[in-house]
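Chemist: Okay, sequence plus prediction incoming.
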Amino acid sequence: MSPTNLPAGPEHGHVTFLGAGPGDPGLLTLRAVEALATADVLVAEPEVLDVVRVHARSGVAVVDTDADPSGDPRPGTSAPQLTVVDGASTTVRGPAERDAAHLVMEAARGGRRVVRAVPGDPGLDTYAAEEMLACAAAGVPFEVVPGVATAVGVPAYAGVPLRDAQGADVRFVDARTASDRCWTEVGASDGTVVVSTSLDSVAGAAGELVSAGRKPDTPMTVTVAGTTTRQRTWTATLGTIAQTLKQAKVLPSPEGGRPVIAVVGERSAAAQRDQLSWFESKPLFGWRVLVPRTKEQAASLSDQLRSYGAVPHEVPTIAVEPPRTPQQMERAVKGLVTGRYEWIAFTSVNAVKAVREKFEEYGLDARAFAGIKVAAVGEQTAQALIAFGVKPDLVPSGEQSAAGLLEDWPPYDPVFDPIDRVFLPRADIATETLVAGLIELGWEVDDVTAYRTVRASPPPAETREAIKGGGFDAVMFTSSSTVRNLVGIAGKPHNVTVIACIGPATAKTAEEHGLRVDVMAPEPSVHRLAEALAEFGTRRREAAIEAGETVTRPSERRPGSRRRRTTT
């Protein structure tokens, strides 16, 4: 029976050698996610720990291999103690890579399931192969979960195809371990060469290929931080790459050991990459975007921003708390059940959440809404109701606001409406627009405080400095309160930061605080706001390319530079 087929026993445990890919967390395979979810111990290189750890279960023991190259643990650390404290994941230091095989087998003792995560693909990792052999010799059952190889994934993200219809030969070289014979062989070939190297060794690798017979004018692309939002690619030739990197003021080895990938060959020419560079040409590529919202509300918006290539940074500016006196809310919810109301109107996701929590407290569910008409302001509020099992009867056909809801709200008719009362669960700081409008239409309104909004605690000092110092490329304001609260807890964003507002009222508040609004959503929706910011980024990128300038992020402008007001 082979080691991979041995059952995991109490003595040997089980090891999964897992490829974490080249850096983009989205490139993990489904099988990798499954293995991580059941792991007792996670052993990972420092550069992939953040990629894989998010998929590990709570309580997993985490061991990284970041140790002194001499083989001794770093000062102040000791041998691994694979224990879990209070159900939380525990990080301990491990020995240097050459001792990782012993570490992995020790971790597997006692029937534990170990995931050994390596960058790229385990089949291309020298140490992983040695560790597999050690497990086989010791009778420790193991399996291998392939990952996207760095030498293949990075060129794909850089828009550099390795083969074409002619089926050119492709050679892979690790410049850090390549012998003279290896350079001679790839130099004699006219195919594509993919070189794994480091920034301070790129010029040397180019020189080796020229010495081995490649022409100095052979096209070459160099990509750092591949598949991440820090990715950057330069196009040159074997003879000019050193000067290109020097002019770009690229510093050696900025990416913490992650390899630089260089592609050499006629089919990696600049003209081709210009057409195929899909990743670095995303509208908000690499932009740090501040999302000042509550944590729950920020999630879907952050996902949308990531799809545009941005790096969202969520800063809660508002904390939601229960009302100080719950009796009013309790009476209103009981009134829903006893038939007190004809309508209930939700103006926010938080209002839906507050009512739902009160329902669950009383053992009620969506069936309690039977016979009651339901109104909702905004797409996200409607979606929150649908997730609760309630389909809104009324959503504004125009502006998603209290005013928009009033435009479509029917006047009270004593002939057709058996009950004249509306339940309006809202925040303690909500405006009176909706209440006054409903009363004018003939309705009686129970305006109930369902939750309170309070200013959140200030973000960490590092975040506050980035806000005031121009470290963010854009900030998205989704309400007037987010403007006031962000400025109150963190200070005013720097003048180079792009200011995006969800609507006219929010924009007015931003201007009152001395901010110039660059982007405004065509309608008050967080998703439309993100789309508008992406469109702004696209126009900005196209303008730079048309002017023959390097595409930069707003935060890369000189301090104190003035930005032209452009509202969409």
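Modeler: It's in. Numbers count the residues shown, from 1 in each chain.
Chemist: just the strands in the stretch 251-400 of the chain please.
Modeler: 260-264, 288-291, 311-314, 318-321, 343-346, 373-376 (DSSP state E, counting those that start in this stretch).
Chemist: Format those as CSV; extra columns: mean pLDDT and distance to residue 408.
Modeler: Yep, even glycine has a C-beta here, placed from its N, CA and C like the rest. Formatted as CSV, the strands of the stretch 251-400 of the chain follow (pLDDT from 0 to 100; distance: least, C-beta to C-beta, whole Å):
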stretch, mean pLDDT, distance to residue 408
strand 260-264, 94, 56
strand 288-291, 95, 30
strand 311-314, 93, 33
strand 318-321, 81, 27
strand 343-346, 92, 11
strand 373-376, 92, 9
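Chemist: Among those strands, single out whichever gets nearest to residue 455.
Modeler: In terms of C-beta to C-beta, the element of the strands of the stretch 251-400 of the chain nearest to residue 455 is strand 318-321, at 7.0 Å.
Chemist: could you say what helices and strands the closest one packs with?
Modeler: Using 3 or more C-beta pairs under 8 Å, 6 or more residues apart in numbering; DSSP states H and E as the contact test, the elements touching strand 318-321 are strand 444-455, helix 480-490.
Chemist: Any chance of CSV for the strands of the stretch 251-400 of the chain, columns distance to residue 210?
Modeler: Shown next, in CSV, are those (distance: least, C-beta to C-beta, whole Å):
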stretch, distance to residue 210
strand 260-264, 10
strand 288-291, 39
strand 311-314, 38
strand 318-321, 60
strand 343-346, 68
strand 373-376, 66
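Chemist: Serialize the ones you listed to TSV and add fields for distance to residue 511 and mean neighbour count.
Modeler: Compiled in TSV, those are given as follows (distance: least, C-beta to C-beta, whole Å; neighbours: other C-beta atoms under 10 Å):
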stretch	distance to residue 511	mean neighbour count
strand 260-264	45	26
strand 288-291	18	24
strand 311-314	23	19
strand 318-321	21	16
strand 343-346	30	26
strand 373-376	30	22
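Chemist: re earlier: deepest of the helices and strands packed on strand 318-321, which one?
Modeler: helix 480-490 (a mean of 21; mean count of other C-beta atoms under 10 Å).
Chemist: Summarise which helices and strands it is packed against.
Modeler: Checked by 3+ C-beta pairs under 8 Å, 6+ apart, helix 480-490 has strand 318-321, strand 444-455, helix 461-469, strand 474-477, helix 504-512 packed alongside it.
Chemist: now the third one: mean pLDDT?
Modeler: Per-residue pLDDT values over helix 461-469 give a mean of 94.
Chemist: List the buried residues of that helix.
Modeler: Neighbour counts over helix 461-469 (16 or more other C-beta atoms under 10 Å) mark 463, 464, 466, 467 as buried.
Chemist: Could you list which residues are in contact with the first one?
Modeler: Under the criterion of C-beta atoms under 8 Å, 6 or more residues apart in numbering, the neighbours of residue 463 are 313, 315, 490.
Chemist: Quick check: the gap between it and residue 396.
Modeler: Going from residue 463 to residue 396 by C-beta to C-beta, to the nearest Å gives 35 Å.
Chemist: returning to that earlier point: can you tell me which of the buried residues of helix 461-469 lies closest to residue 159?
Modeler: Using C-beta to C-beta, those come closest to residue 159 at residue 466, 30.3 Å.
Chemist: Tell me the gap between stretch 360-369 and the middle of its chain.
Modeler: 35 Å (C-alpha atoms, centre = their mean, to the nearest Å).
Chemist: as a whole number, average confidence for that stretch?
Modeler: Mean predicted confidence for stretch 360-369 is 88.
Chemist: Nearest to residue 401, out of the helices and strands packed on strand 318-321?
Modeler: helix 480-490 (12.2 Å).
Chemist: mind saving the C-alpha coords of that closest one as PDB?
Modeler: In PDB, the C-alpha atoms belonging to helix 480-490 read as follows (Å, rounded to 0.1, in the frame of the first residue of the first chain):
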ATOM      1  CA  SER A 480     -23.400  62.600   5.500                       C
ATOM      2  CA  SER A 481     -22.800  60.900   8.800                       C
ATOM      3  CA  THR A 482     -19.800  59.000   7.400                       C
ATOM      4  CA  VAL A 483     -18.300  62.300   6.400                       C
ATOM      5  CA  ARG A 484     -18.800  63.900   9.800                       C
ATOM      6  CA  ASN A 485     -17.700  60.800  11.700                       C
ATOM      7  CA  LEU A 486     -14.600  60.100   9.600                       C
ATOM      8  CA  VAL A 487     -13.400  63.700   9.900                       C
ATOM      9  CA  GLY A 488     -14.200  63.600  13.600                       C
ATOM     10  CA  ILE A 489     -12.300  60.300  14.500                       C
ATOM     11  CA  ALA A 490      -9.500  60.400  11.900                       C
END
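Chemist: Can you name the residues in contact with it?
Modeler: 290, 292-293, 315, 317-318, 429, 453, 455-459, 463-464, 467-468, 475, 477, 493, 501, 505-506, 508-510, 513, 515.
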